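Asker: Give me a model of this one.
(2 chains, ligands or ions: 2)
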Number of protein chains: 2
Amino acid sequence: MFALRSIAGPVRAPACAGSRHRCVVVRAEGINPSIRKSEEKVVDMVKVADLPTPKAVYCRCWRSAKFPYCDGAHVKHNKATGDNVGPLVIDSTPAAAPQ
Amino acid sequence: MFALRSIAGPVRAPACAGSRHRCVVVRAEGINPSIRKSEEKVVDMVKVADLPTPKAVYCRCWRSAKFPYCDGAHVKHNKATGDNVGPLVIDSTPAAAPQ
Ligand code: FES
Ligand code: FES
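Answerer: Ligands and ions are numbered 1, 2, ... in the order given. Alright, predicted model coming up:
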């Protein structure tokens, strides 16, 4: 799972000013914990002619061990976090012929 | 930006046991703050025959106002968080004829 680290510990942020309650602001971290972090931006280009299967499933959760393909890791991520993300399916099967 | 909320405030977690330092554990939240949250799992099916443009750009950052398409929102997300996510481009242009 993607552990969030509070870089410099909790801080009193402007958003907390005047709050009588304990107020901790955690800066959002990225959504990609580990995939191709040496790349400035992970962009993938898929040529339709090269699709590996007629219905190719591409990851959008950044947790797949087979990125850019989906390996089902979104299920664990959703369960652990209450999230609702899932893949993009590219369907290159020919349209059915009209009857 | 996707604000992370510490649901019940910082907690002493098992990972902190024995630590002499201040230790705050924040549970990872989802990566999709707002897209189609009424759906249990956001899966999109793209038929190649229906691609809107020869090079169609699909969002993987869950920040696009035009989801499932990319609208460039990953740039702001990456800048705000230090992340490196980007879209999936589906290229349906015909292969160049051999010379
Ligand atoms: S493994 Fe990432 S969307 Fe399925
Ligand atoms: S807007 Fe999400 S990847 Fe571009």
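
Asker: In chain A, where is pLDDT below threshold?
Answerer: Along chain A, the model assigns pLDDT under 70 to residues A:1-28.

Asker: quick one, helices of it?
Answerer: A:73-81 (DSSP state H).

Asker: Please list the residues of it that sit near ligand 1.
Answerer: A:59, A:60, A:61, A:63, A:64, A:70, A:71, A:72, A:73, A:74, A:86, A:87 (Cβ under 6 Å from any ligand atom). Every C-beta, even on glycine, is put in place using the N, C-alpha and C of the backbone.

Asker: Dump those into a markdown table; add neighbour count as well.
Answerer: Below are the residues of chain A next to ligand 1 laid out as a markdown table (neighbours: other Cβ atoms under 10 Å in any protein chain shown):
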| residue | neighbour count |
| --- | --- |
| A:59 | 25 |
| A:60 | 29 |
| A:61 | 26 |
| A:63 | 26 |
| A:64 | 20 |
| A:70 | 22 |
| A:71 | 15 |
| A:72 | 14 |
| A:73 | 17 |
| A:74 | 24 |
| A:86 | 22 |
| A:87 | 25 |
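
Asker: Is it correct that residue A:33 is in contact with residue A:61?
Answerer: No - Residue A:33 is not in contact with residue A:61 according to Cβ atoms under 8 Å; the separation is 10.6 Å.

Asker: if we can go back for a sec, inside strands: which ones of the residues of chain A next to ligand 1?
Answerer: Of these, the ones assigned to strands by DSSP state E are A:86, A:87.

Asker: Can you lay out the residues of chain A next to ligand 1 as TSV showing distance to chain B?
Answerer: Shown next, in TSV, are the residues of chain A next to ligand 1 (distance: Cβ to the nearest Cβ, whole Å):
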residue	distance to chain B
A:59	8
A:60	5
A:61	7
A:63	9
A:64	11
A:70	9
A:71	15
A:72	11
A:73	12
A:74	7
A:86	4
A:87	6
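
Asker: Tell me the spacing between the residue nearest the centre of chain A and residue A:97.
Answerer: In chain A, the residue lying closest to the centroid (Cα atoms, centre = their mean) is residue A:61, at 2.7 Å. As judged by Cβ to Cβ, to the nearest Å, residue A:61 and residue A:97 stand 36 Å apart.

Asker: Good, wrapping up.
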